[in-house]
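Colleague: Fold the stuff below for me.
(chains A and B)
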There are 2 protein chains.
Amino acid sequence: MDSLTAYKAHLAEIAKLHSAQALLGWDQHTHMPKKGVTARAQVAGKLSKMAFELFVSDKMGEYLEELEKKDGLSLEEKASVRRVGRDYRRHQAIPPALIEEFTIARSEAQSAWVKAREISDFSVFRPHLEKIIDYVRRFADYFGYEEEPYDALLEEYEPGMTSERLREIIAPLRNELVPFLKRLIDDGTKPSADVWKGTFDVETQRSLAKRALEIIGYDFSAGALDDVAHPFTTTIGPGDVRVTNRYLEDAPLSGLFAALHEGGHALYNQGMGEELYYLLLADGASHGIHESQSRMIENQIGRSRPFWHFFQPILAEYFPQFTNVDPDVLYRSANIVEPSFIRVEADEVTYNFHIMLRFELESGLIEGSIKVSDLPDLWNEAMERYLGITPPDDAHGVLQDVHWSMGSFGYFPSYMLGNLYAAQIFARLRSDLPELDEKIASGDFEPLLSWLRENVHRLGGIYDPNDLIERITGEGLNPSYFVSYVTDKYSEIYRL
Amino acid sequence: MDSLTAYKAHLAEIAKLHSAQALLGWDQHTHMPKKGVTARAQVAGKLSKMAFELFVSDKMGEYLEELEKKDGLSLEEKASVRRVGRDYRRHQAIPPALIEEFTIARSEAQSAWVKAREISDFSVFRPHLEKIIDYVRRFADYFGYEEEPYDALLEEYEPGMTSERLREIIAPLRNELVPFLKRLIDDGTKPSADVWKGTFDVETQRSLAKRALEIIGYDFSAGALDDVAHPFTTTIGPGDVRVTNRYLEDAPLSGLFAALHEGGHALYNQGMGEELYYLLLADGASHGIHESQSRMIENQIGRSRPFWHFFQPILAEYFPQFTNVDPDVLYRSANIVEPSFIRVEADEVTYNFHIMLRFELESGLIEGSIKVSDLPDLWNEAMERYLGITPPDDAHGVLQDVHWSMGSFGYFPSYMLGNLYAAQIFARLRSDLPELDEKIASGDFEPLLSWLRENVHRLGGIYDPNDLIERITGEGLNPSYFVSYVTDKYSEIYRL
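Modeller: Numbering: from 1, shown residues only, chains lettered A, B, ... in the order given. Okay, here's the model as predicted:
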C-alpha cells in the first residue's frame, strides 16, 4: 500500500471513531437517561482515547512526513495533510491517558453543569470547572504558544488567531458599537414586541421549526431534529447531520431563530462531500467560519425584511393569531435591541458584548488572574460594565453556556468572529446575487443555498479561515462590514 | 497487576465497546436518518471488529488459562471465567476480518429488510439474506458441532441446547396443543373483540405504554421509550436499558402487550448490578431465560384476570370509552386464540407454532436443504400446515421478523423456550407468593418484582439456563408446566 492510500485508510479509521463519539455526545444531550451518565463517561473516554492514539500515532507521523514531500496530491489531499499535520504536531505531545481522563472529567462536568443550571447553583459546577481549567492549562502548555497560553487554545478553534489580534479587532468594534447602542436606546424608536405576547404551544413551535429548516434547504433524510437544553448541531457522519433545539412557551422567536441558527451550521456540513469527512476536513474552515454560516441564516436571512414578508403567512398557518399581522411589524419586532442576560437570546447589536465579556473572563481564568470561585461575581460585574444589567441568578449568568463544562476555552471568540465573517461574506453574496431580496421574499432559497454551497460549504476545511475569506471576498477579515451592516439596519428600524 | 485485575480491566474495555455498539444499534432503528446508513455500517463494523479482537486476543486466552486454575474467585468472577472462556474458545477460531465483513453485510441487510418489508418485496432482501446465510454457515463450521451445524448456532443463544433436544421438546408440545387448538376453535366460546374496535390515537397509546412500564417497575431514570418498526430492548450500559415500541391505530392491545413484553426484558437487565455488566454477564442466563422474563410480564401478568381488574380504570383514563367496561370482558378479549400471520401478535396457544415453523425453515437453510429463493413459498406452505392460513403478502409472511437480516439464526427457538421457562418459573413464583393475584389486582407489583429480582434478575448470566431453572424450580426444563398453564387458562376462557 502506498503512503497516500495508507494515510487515507488511517484517517478513515479515526473518522469512524469520531462518528461513534459524535453519536455518544448527541445521545448524552438528547436521549440518555440520568442513571446512564457514569457509564457513558467511561465509554466516551475510551473512544476518545482510541481516536487520539490513532491520531498521534507514529504511523501518522510517518505518513505525514512522506506526504508532505510528495507531488501529485489533489487539492483535498494536500489540505488534509496540511491541517492534519498541524493538529498532529500540536497534539502529539499530549499523553493519551491525559486525554482519556479529560474526557471523563468533561463528561461528568457536563452532567454537573446541567444540574447546576437546573437549580441555578454554581457551587454544584465549581469543583468540576476547576478540574477542567486545570486540564486545559496543561493542554495549553503541551500545545505551546508564543505570547500567551490562551493563544494555544484559540488556535484550536481559529487557526492563526491570537489574543493580541482579537484585542485589535475588539477595540474599534467597541468604539463604534457602544455609542451606537447608546444612540439607539436614547434617540431611537424601539419597535413594539406586543405581537409576540402570549403562550405558544411547544409542540406547534417544534413543527414550525421543522418547517423553517425545510424552507432553508435542510435535508431531513440526512438529519434529525431533537430537543435539548442548549441547542447544537452535530455531524454523526456523512449523510447524518443532526440539529437540536429548545422551545420557550412565552418566546416563540427564541426557538425559531435557534432552529435557523443550527440549520445554518447543518447546511454547511450537509454541503460537504463524503470525501472531506474521511479526510478529516469536515469541521469546516474554522469555528468562526462555521459560526458565520449559522449567523448568516439566523440574522442576515432570518431577521431580514424579505424573510418576514415571505414567512408571515407560514407563521399564521401554525399560529393563526398572526393571520392579519403586517409582515413589517413582524420584521421590526424580530429586531429589538435590548441589553439582556442570555447570549443566545442577544440581538445583533449587543451580541458581541457578551463575547467580549467571556473573552475577558476566560483568558483571565487560563492566565490565572481569575479564580473559579470568583467567577459568578466577576460575571455579574462584567455584565454591569458591558451591558448595564445584573443577572438575577447564575442560571441567567455564569451557568448559561455549556462550553466551559466541555473544556472549550478559546471557543467563545468564534461567535464574534462568526458575526464579522457573516457580514463580510454576505456583502459579497449580495453583490453576486442582486435579486436576493426578491428571491427570499418569494420563498425561493435556492440561489442563496447554491451560492453558499459553491463558495463556502463544499470547500469544508480545505482552506484556513484567512485564505477562505480572502478567496471569497478578496480581502482579509475586516470588521467594518459588520459595523456598516448593523448601523445601517438598525438606524432604519429605530428611525434614527 | 495480577491476572484477575488484568482480566477484569480487559473485560471492561470490551464492555465499553459493547456499550458504544449498543448505542449505534439502538440509534440505527430509532433516530438515524436514511442517508446515514452507509457510514453507520462502516462505524458499526469497525467497533464490532475491535471488540471481537479484544475478546479473542492472546491476552484473553492467557488470563483465562490462569484464572481457570486459580482459587478464591467470587461466584461472579468464576461464572465470568467459565462463560467468557466458553465463548472465547468458540469465537477464537474466527478471523476478525470476517466479523467486520459480516457486521457490514448485516447492517446493509437490515436496511434492505426494512425497505423490503415496507414495499412487501422479498426480492429486495433476497441477495442480502443469501450473503448472510453464507456467513452464518461459515461461522457454524468455525464454532464446531457434534451432530448438526445448526447446533453450533443454537449454542450461541441457548447454551446446552441441540436440534435433537428441541425436536424432543417440540413433539409432545405439538401433540398436546394441536388437538387443544382444534377443540378451542370447534367447541369453545370465542370471546368477543368488539370492545377493541375503533381508532386509538397513537400519541395516547404511547402515554399508556409509558404508564404500563411505570406500573411494572421499569425505571425511566435508567432507560427510555422510543418508536421503532419492530420493538426491542437494549442495554446501552449500567443505568441505561432502553425499550422501544410501536403502536397500531386500530389495535391498541398490540402496542400495550409489546410494551409489557419489552418491559419484562428491561426489568431483567435493570435488575442486574453494574459488576455483572463489566464481567460480561449482563446478557442473562440465555436468550430463552431472557425471553421468559418478557413473556411472563406480557402473558402470565399482562394477560391475567387480576391485571385487567386493576388496569381497567387506568385504561379508561387514557381512553374514556372503557370507563364502564367490565374488567372481565377486557380480560377475555385480551385472550382470543386465533391462527394469525404475525408472530409477535400471536396468542399464547398458537405462538409456539410460529417458532416450530421458523425452526424448520432456518435449520433447513443452514443445512442447505432449503434455498433462499424458495423461502417465501415454503413459508406460506408451512403457515398453511401449522396454522391453516396463508399470508396475503411477504410483509405478513417471510419478511415480518428482523432476525435473519441480523444473521441471528438459532435465535427463534429461544422464543418458544421462553414460553416454557416462563410457565415453569411462574408456577414456582405462584407457590412462593400465594397472594400474588390479590396484589396484582390491587396494583401492587412490588412482591412480583422482588421475587424476580431475587430469583432471576440479580443473577444475570451467573448460571447456565439448565442450572438456573433447576436452582429456581428444583427440576430441569419441563414443558408440561406450559401445557397445563395454557390448557387450564383457555379451557376456562373458552368455557370448554
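Colleague: which other residues reach stretch A:300-317?
Modeller: Applying Cβ atoms under 8 Å, 6 or more residues apart in numbering or on different chains, the set of residues contacting stretch A:300-317 from outside is A:208, A:211-212, A:215-216, A:256-257, A:260-261, A:322-323, A:325, A:327-328, A:330-331, A:334-335, A:348, A:422-423, A:426, A:436-438, A:440-443, A:448, A:485. For glycine as for every other residue, the C-beta is placed from the backbone atoms N, C-alpha and C.
Colleague: Now a PyMOL select for only the buried ones of these.
Modeller: Listed next is the PyMOL selection for buried residues among the contacts of stretch A:300-317, using 16 or more other Cβ atoms under 10 Å in any protein chain shown:
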select buried, chain A and resi 208+211+212+215+216+256+257+260+261+322+325+327+330+331+334+335+348+422+423+426+436+440+441+448+485
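Colleague: Can you tell me the SS state at the residue nearest to A:Pro252 when sequence neighbours are not counted?
Modeller: Of all residues not flanking A:Pro252 in the chain, A:Phe200 sits nearest, at 4.2 Å (Cβ to Cβ, 6 or more residues apart in numbering or on different chains). Following DSSP: H, G, I helix; E, B strand; the rest coil, the label given to A:Phe200 is coil.
Colleague: so how far is A:Tyr247 from A:Phe200?
Modeller: In this view, A:Phe200 and A:Tyr247 are 8 Å apart by Cβ to Cβ, to the nearest Å.
Colleague: before we move on, what about A:Ser286?
Modeller: A:Ser286 sits 30 Å away from A:Tyr247, going by Cβ to Cβ.
Colleague: now A:Phe426
Modeller: The separation that A:Phe426 has from A:Tyr247, given Cβ to Cβ, amounts to 27 Å.
Colleague: One more: A:Leu452?
Modeller: In terms of Cβ to Cβ, A:Leu452 sits 26 Å off from A:Tyr247.
Colleague: Look at the nearest residue to A:Leu279 once chain neighbours are set aside and say how many residues are nearby.
Modeller: Nearest residue to A:Leu279, sequence neighbours excluded (Cβ to Cβ, 6+ apart): A:Ser80, at 3.9 Å. If you count neighbours by other Cβ atoms under 10 Å in any protein chain shown, A:Ser80 ends up with 25.
Colleague: A:Ser80 touches A:Leu281, doesn't it?
Modeller: Yes: with contacts counted by Cβ atoms under 8 Å, A:Ser80 reaches A:Leu281, the gap being 5.7 Å.
Colleague: intersection of neighbour lists for the two?
Modeller: By Cβ under 8 Å, 6+ apart, no residue touches both A:Ser80 and A:Leu281.
Colleague: Name the next helix or strand downstream of the worst-scoring helix or strand of chain A on mean pLDDT, please.
Modeller: In chain A, no helix or strand scores lower on mean pLDDT, DSSP states H and E than helix A:96-118, which sits at a mean of 90. Per DSSP states H and E, the first helix or strand lying C-terminal to helix A:96-118 is helix A:122-143.
Colleague: Helix A:96-118 and that following helix, what's the angle between them?
Modeller: Using axes from the mean of the first three to the mean of the last three Cα atoms, to 10 degrees, the inter-axis angle of helix A:122-143 relative to helix A:96-118 is 150 degrees.
Colleague: Pull out the CA atoms of helix A:122-143 and give them to me as CSV.
Modeller: What follows is helix A:122-143, C-alpha atoms only, in CSV (Å, rounded to 0.1, in the frame of the first residue of the first chain):
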residue,chain,number,x,y,z
PHE,A,122,-22.8,27.5,40.7
SER,A,123,-21.3,25.6,43.6
VAL,A,124,-22.5,22.3,42.1
PHE,A,125,-20.4,23.1,39.0
ARG,A,126,-17.5,24.9,40.6
PRO,A,127,-15.2,21.9,41.5
HIS,A,128,-15.8,20.4,38.1
LEU,A,129,-14.8,23.6,36.4
GLU,A,130,-11.7,23.9,38.5
LYS,A,131,-10.7,20.5,37.3
ILE,A,132,-11.4,21.3,33.7
ILE,A,133,-9.4,24.5,33.8
ASP,A,134,-6.5,22.6,35.3
TYR,A,135,-6.6,20.2,32.4
VAL,A,136,-7.0,23.0,29.8
ARG,A,137,-3.9,24.9,31.2
ARG,A,138,-1.9,21.7,30.9
PHE,A,139,-3.0,21.3,27.3
ALA,A,140,-2.0,24.9,26.5
ASP,A,141,1.5,24.1,27.8
TYR,A,142,1.7,21.0,25.7
PHE,A,143,0.4,22.7,22.6
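Colleague: how far out from the middle of the chain is whichever helix or strand comes after it?
Modeller: Note on helix A:122-143: by DSSP H and E, the next helix or strand toward the C-terminus is helix A:149-157. The gap between where helix A:149-157 is centred and where its chain is centred comes out at 16 Å by Cα atoms, centre = their mean, to the nearest Å.
Colleague: Give the other helices and strands that helix A:149-157 contacts.
Modeller: When contacts are defined as 3 or more Cβ pairs under 8 Å, 6 or more residues apart in numbering or on different chains; DSSP states H and E, helix A:149-157 packs onto helix A:122-143, helix A:163-187, helix A:351-367, helix A:413-432.
Colleague: about what we covered before: the more surrounded of A:Ser286 and A:Tyr247?
Modeller: Remark: of A:Ser286 and A:Tyr247, A:Ser286 carries more neighbours, 26 against 21, as counted by other Cβ under 10 Å.
Colleague: Within range of chain B, give me the residues from chain A.
Modeller: Within reach of chain B by Cβ under 8 Å from any Cβ of the partner chain, chain A has these residues: A:12-13, A:16-17, A:19-20, A:23-24, A:27, A:31-40, A:42-43, A:46-47, A:50, A:219-224, A:226, A:236-240, A:242, A:274, A:277.
Colleague: What about those residues, which are in strands?
Modeller: Counted as lying in strands by DSSP state E, out of these, are A:Asp226, A:Ile236, A:Gly237, A:Asp240, A:Arg242.
Colleague: Just list the residues touching the second one, thanks.
Modeller: What that stands for is A:Ile236. Contacts of A:Ile236 (Cβ under 8 Å, 6+ apart): A:Ser19, A:Ala22, A:Leu23, A:Trp26, A:Arg242, B:Met32, B:Gly36, B:Ala39.
Colleague: Kindly report the same for A:Ser484.
Modeller: A:Ala423.
Colleague: just the angle between the helix or strand hosting A:Gln293 and helix A:351-367, please?
Modeller: Under the criterion of DSSP H and E, A:Gln293 resides in helix A:287-295. Taking the same axes, to 10 degrees, one finds that helix A:287-295 is oriented at 150 degrees with respect to helix A:351-367.
Colleague: Distance check, A:Asp444 against A:Glu438.
Modeller: Going from A:Asp444 to A:Glu438 by Cβ to Cβ gives 8 Å.
Colleague: And A:Pro159, by the same measure?
Modeller: 38 Å.
Colleague: ok, now A:Pro172?
Modeller: Distance, A:Pro172 to A:Glu438, by Cβ to Cβ: 34 Å.
Colleague: thinking again about what came up before, let me have the helices and strands packed on helix A:149-157 in JSON lines, extended by mean pLDDT.
Modeller: Listed next are those as JSON lines, based on pLDDT from 0 to 100:
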{"stretch": "helix A:122-143", "mean pLDDT": "96"}
{"stretch": "helix A:163-187", "mean pLDDT": "93"}
{"stretch": "helix A:351-367", "mean pLDDT": "96"}
{"stretch": "helix A:413-432", "mean pLDDT": "98"}
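Colleague: Which of those helices sits closest to A:Gly85?
Modeller: Nearest to A:Gly85, of all the helices and strands packed on helix A:149-157, is helix A:122-143, at 14.6 Å by Cβ to Cβ.
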